[in-house]
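Asks: pasting the structure only:
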């Protein structure tokens, strides 16, 4: 498990006075400001964040050290991370995406299917992208019906994919 969890991303500048467009990946979107200071993925820089207003698809925000439109534009695509110990504890049936990546995935009969390459969400629900042992990748819904067991301590997931999905 990593010590830094991705909690948001800068999607560009907002206006001409150094504000950024911010996408929050936290369960309570406004809470992203409570987990600061936030860091770049490599931990090279620490930024304080203040949400100034809600806008379409996110927030307008101020980041420490960013005072011009050009500086804000330069951060486009930058993911922001918070230390794990600043984030809330999760219930047993919820997981940070970063904790799932790399876990081995077995079917209900104990056969290794592959490992989790990514966790995706395209609106309806989360999907696990599996790197299959047979080569290639496959998407499987991250639902209780398809993923009945996630055992972080053992580093494994038990999957019961819909019939025909992995053939």
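Replies: All right, it came through fine. Bear in mind the structure is a predicted one, so any value in this text is a computation, not a measurement.
Asks: quick one: contacts of the helix or strand of the chain with the lowest mean pLDDT?
Replies: Within the chain, judged by mean pLDDT, DSSP states H and E, the helix or strand with the poorest mean is helix 97-100; its value is a mean of 86. With CB atoms under 8 Å, 6 or more residues apart in numbering as the test, helix 97-100 has contacts from 1-2, 5-6, 116, 119, 126, 128, 150, 152, 157. In this view, the C-beta of every residue, glycine as well, is placed from N, C-alpha and C.
Asks: how about it: buried residues?
Replies: By neighbour count on 16 or more other CB atoms under 10 Å, the buried set for helix 97-100 is 97, 99-100.
Asks: okay, these in CSV with distance to residue 112 next?
Replies: Output for these, formatted as CSV (distance: CB to CB, whole Å):
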residue, distance to residue 112
97, 22
99, 19
100, 16
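Asks: hang on, the earlier thing: please check the contacts of helix 97-100 and keep the buried ones.
Replies: Using 16+ other CB under 10 Å, the buried members of the contacts of helix 97-100 are 5-6, 116, 119, 128, 150, 157.
Asks: now the strands for this protein?
Replies: Assigned by DSSP state E, the strands in the chain fall at 4-14, 19-24, 38-39, 46-47, 49-55, 58-63, 79-83, 104-107, 112-121, 126-132, 137-141, 149-151, 156-159.
Asks: can you put the ones you listed in JSON lines and add distance to residue 89 and mean pLDDT?
Replies: As requested, the strands of the chain are exported to JSON lines (distance: least, CB to CB, whole Å; pLDDT from 0 to 100):
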{"stretch": "strand 4-14", "distance to residue 89": "13", "mean pLDDT": "91"}
{"stretch": "strand 19-24", "distance to residue 89": "19", "mean pLDDT": "94"}
{"stretch": "strand 38-39", "distance to residue 89": "20", "mean pLDDT": "92"}
{"stretch": "strand 46-47", "distance to residue 89": "24", "mean pLDDT": "88"}
{"stretch": "strand 49-55", "distance to residue 89": "22", "mean pLDDT": "93"}
{"stretch": "strand 58-63", "distance to residue 89": "25", "mean pLDDT": "93"}
{"stretch": "strand 79-83", "distance to residue 89": "14", "mean pLDDT": "91"}
{"stretch": "strand 104-107", "distance to residue 89": "25", "mean pLDDT": "94"}
{"stretch": "strand 112-121", "distance to residue 89": "19", "mean pLDDT": "91"}
{"stretch": "strand 126-132", "distance to residue 89": "20", "mean pLDDT": "92"}
{"stretch": "strand 137-141", "distance to residue 89": "26", "mean pLDDT": "91"}
{"stretch": "strand 149-151", "distance to residue 89": "16", "mean pLDDT": "92"}
{"stretch": "strand 156-159", "distance to residue 89": "21", "mean pLDDT": "94"}
